[in-house]
Each structure stands twice: as structure tokens, then as C-alpha cells.
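Chemist: need the 3D shape of this:
(2 chains)
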Amino acid sequence: MKIQFTVALAALIFFCTYSCKEETFYQGHSIYDSICANCHMEDGSGLKGIIPPLANSDYLKNNQLEVACIIRYGMEGDVVVNGKTYNQPMAGITYVTDTEIANIINYINNAWGNDYGMVDFKNLRIKLKECAAEEERIRLEERAERIRKMNQ
Amino acid sequence: MKYLLGVFLVTFFFACDNTPDAPVKGLVIAKKDVLPILGNRDIAENGDTIYPTIPDFAFINQNGDTVTNADFEGKAYVADFFFIHCPTICPKVTQQMLRVNDKFADDDNLMLLAHTVDPKRDDVAALKSYADKLDAKTPKWHFVTGDKDELHGIADDYFSVAIENPDAPGGFDHSGRLILVDKNRHVRAFANGTDPDEVTQFIEDIKVLLAEK
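Modeler: Down below sits the predicted model:
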């Protein structure tokens, strides 16, 4: 009985570890699939000519901190990914936290054959603060411009 | 005791086995000989069955040309509803339209008709740019714009939804269905364009329809 119990316990631990081992990047993966995958697709392939890929993407690899700001604030205008120019506005995901953004980036950094390591969380937060200030500056500028036009 | 442990093991084994990218196993593709005509039917006074049909339409495509039912004369086509600024499901649906387009690239008997639900922003120039990026060519694949009420109204006939709603992401509520219409303007099949597995079945349905005499 004791041996059986030990064997069963060992098997339990083995199965549990085995079946849970692919749960890395769990939060990033689930947020990605529920929000980002609508456009970038579950396999990170994007949409031909319109939405750039994240799988095997030189832009993602080389712009880790910028990507954090793009997730939160969106982007407009041309972006060159793997030598191809894309121009489709992306809406910002305003309600994700700094931690969630880091988790999304870490997921896409390591999914679909990507091997871009982990984003530096400290630098990510600094970058997000900079982008927040920049967004606020643009917002105030646009507001001033509107007021100037109204008074003309 | 042994039994309990067994239950424990099984429970633990399955409890964690919810990795989102676990492959779908045992997907069965049903073979059909004939596709049904979908929708509510009426009986005419003489006893004939009247099937619902796609009404007359006239929209403007990505080249600025008017597109009507006549352009689809004698052909089957796949319709969908989308808009370029769509922050939600549209790219996934368009991805599946692209899949259908590529699959039947050499078959002139199948066409595609993508309706924008946002004609204010999606004018001819915007649709042209979008279609060119996708490498979508007329007369195979028309992207059409036109009167908003007409575009939203005809969605009903395609068993689809297109409603302006300021609270919806991007400003519109709409369904992401791919709808298969035959040469007699009857809807014969549809699929949820966000579900690639459903579209796999849908592609089989298209083959069945195209094999009809």
C-alpha cells in the first residue's frame, strides 16, 4: 500500500508538472489572444499588406520599448516591418497596466519561434512615462490649436 | 483509496491541460451532396415554394465602378461586411476571405463581395488602397461602398448584422459571417469568419455548390 501510494504521488507530481509546463506567459498569451489577435492573428502573422506580422518581425525585435507605447497609445502613419511598409492605424489599448504590457511583450517575444528574450521592466516603465508625457504634450498642443482657431 | 487516487490523478492531469494553443483534434469535415437553401420560405398561391433571395442592389466598387447583381450573373459569390477602421474582428474575417480568394483563384465561377458598413470613411479611394494591399483584383473580389442605409439594410438579406452604434468599438456593430450565395441569389451556406475551422468546412461547401449543375 505504501509503495503504491508513493508511486501514485510521484505520478501525480509528474503529470501535474508536465501538463502545466506550457503555462509560461499565461497572462500575456490570454490578453494577446483576446485583444491583439483580432488584427495580428493568433499565429502573429498579421494580415497581408495591411497589418504587420509580429512573428519573425525585425520591428518587434529592435523596438522593444517603443512597442510598449504602441500597445498603450496605438500608432498612425508608415511603419516598415521586414522591409515592407504598412500604413493602417492601430488603436491604443488604454486599459492595460504596465505589468500587463510587459507580459504581452514577453509572450510575443517568445511565441511562434520568436526568440527576443524578456523586456526590461524598469526601462519599460520609464519609457511608458516618457510616452505619457509626450501624449499629454500633443494633446495640449492640439487643444491650444483648436482654441486658436476658434478665436480667429 | 486506490480509486480515489486514480480520480485525483485524472483530475490533476486535465485541470492544467488548458493551453490555449492545444490543437483541435478530431475535426470532422462533413461531406454534403447538396447544400440547402437557407432562410424562411413562403408558399405561393399556386403552391410553389418561394425561397428568400438577395434583392437588387447597386453599389460602387474600389475602381469607382457601379456593381449590381448583374455582375454576379451565373456565378456564386461569398459576401461579408467589414470596415477599414474596425478595431475588432474584421482583419480575422478578411483573412478568411483572403483564404477563400486564394483557394478559388483559378475558378471564375466564384466571386467575392466585401461590403463596408462605414461608407463615410471607406470611400472609393480608401477601398482601392485596401484592396491593392491585399492584392485583391476585380472582377474576382469587389469591395463596395455606397448609401449607408442600403449597405446596412442588405446585411439582413445576408443573415448579417450591420448597425451604427457610437458605443461599439470603431462605431459599428456587425457580424463577421462569410455568406455563400448561388447564381439564383439564394443563400446556401455561411461560416463565422473568425473561426478558421468553420471556414474550412465552408470551403468544402463552396466546392459542393460549384459542382452543382
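Chemist: contacts and neighbour counts: CA atoms only from here.
Modeler: Fine.
Chemist: find the closest residue to chain B in chain A.
Modeler: Nearest residue of chain A to chain B: A:Gly49, at 4.7 Å (Cα to the nearest Cα).
Chemist: how about low-confidence regions in the chain?
Modeler: All of this refers to chain A. A:1, A:15-23 (pLDDT under 70).
Chemist: oops, chain B please
Modeler: B:1-31.
Chemist: what's in contact with the helix or strand containing B:Leu178?
Modeler: B:Leu178 is located in strand B:177-181, with elements delineated by DSSP states H and E. Under the criterion Cα atoms under 8 Å, 6 or more residues apart in numbering or on different chains, residues B:76-81, B:93, B:97, B:158, B:160, B:187-193, B:206 lie in contact with strand B:177-181.
Chemist: picking up where we left off before, what about the residue of chain A closest to chain B, how many neighbours?
Modeler: Applying the criterion other Cα atoms under 10 Å in any protein chain shown, we find 18 residues in the vicinity of A:Gly49.
Chemist: which residues does the residue nearest the centre of chain B bridge with?
Modeler: The residue lying closest to the centre of chain B (Cα atoms, centre = their mean) is B:Leu178, at 0.9 Å. On DSSP bridges, the residues paired with B:Leu178 through beta bridges are B:Ala191.
Chemist: the helix or strand hosting A:Cys39 near chain B at all?
Modeler: Secondary-structure assignment from DSSP H and E places A:Cys39 in helix A:37-40. Yes: residues of helix A:37-40 are located near chain B by Cα under 8 Å from any Cα of the partner chain, namely A:Asn38, A:Cys39.
Chemist: list the contacts of the residue in chain B that chain A sits nearest to.
Modeler: Using Cα to the nearest Cα, B:Lys133 is the residue of chain B that sits closest to chain A, at 4.7 Å. Applying Cα under 8 Å, 6+ apart, one finds that B:Lys133 lies in contact with A:Lys48, A:Gly49, A:Ile50.
Chemist: next up, phi/psi of the first one, please.
Modeler: Per-residue torsions, A:Lys48: phi -30, psi 120 (degrees, to the nearest 10).
Chemist: next: the last one.
Modeler: With angles defined as degrees, to the nearest 10, A:Ile50 shows backbone torsions of phi -110, psi -50.
Chemist: ok, how many other residues are close to it?
Modeler: 22.
Chemist: does it touch B:Asp135 like I think?
Modeler: No: here A:Ile50 lies out of contact with B:Asp135, judged by Cα atoms under 8 Å, at a distance of 10.5 Å.
Chemist: tell me where chain A has strands.
Modeler: Here chain A has its strands, by DSSP state E, at A:79-81, A:84-86.
Chemist: and those as JSON lines, adding distance to A:Ala144 and mean neighbour count?
Modeler: What follows is the strands of chain A, written out as JSON lines (distance: least, Cα to Cα, whole Å; neighbours: other Cα atoms under 10 Å in any protein chain shown):
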{"stretch": "strand A:79-81", "distance to A:Ala144": "29", "mean neighbour count": "15"}
{"stretch": "strand A:84-86", "distance to A:Ala144": "31", "mean neighbour count": "14"}
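Chemist: reformat those strands as TSV; add distance to B:Asp149.
Modeler: As requested, the strands of chain A are exported to TSV (distance: least, Cα to Cα, whole Å):
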stretch	distance to B:Asp149
strand A:79-81	35
strand A:84-86	32
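Chemist: if we can go back for a sec, buried residues in the strand holding B:Leu178, which are they?
Modeler: B:Arg177, B:Leu178, B:Ile179, B:Leu180, B:Val181 (16 or more other Cα atoms under 10 Å in any protein chain shown).
Chemist: quote the end-to-end distance of stretch B:49-69.
Modeler: Across stretch B:49-69, the straight-line distance between its terminal residues is 22 Å, by Cα to Cα, to the nearest Å.
Chemist: which residues touch that stretch?
Modeler: Contacts with stretch B:49-69, where a contact means Cα under 8 Å, 6+ apart, come from B:37-44, B:124-128, B:131, B:142-147, B:154, B:157-158, B:184-187.
Chemist: which residue sits closest to B:Val93, ignoring its sequence neighbours?
Modeler: B:Gly193 (4.4 Å; Cα to Cα, 6 or more residues apart in numbering or on different chains).
Chemist: do a quick rundown of the helices in chain B.
Modeler: B:2-15, B:90-103, B:124-134, B:148-157, B:196-211 (DSSP state H).
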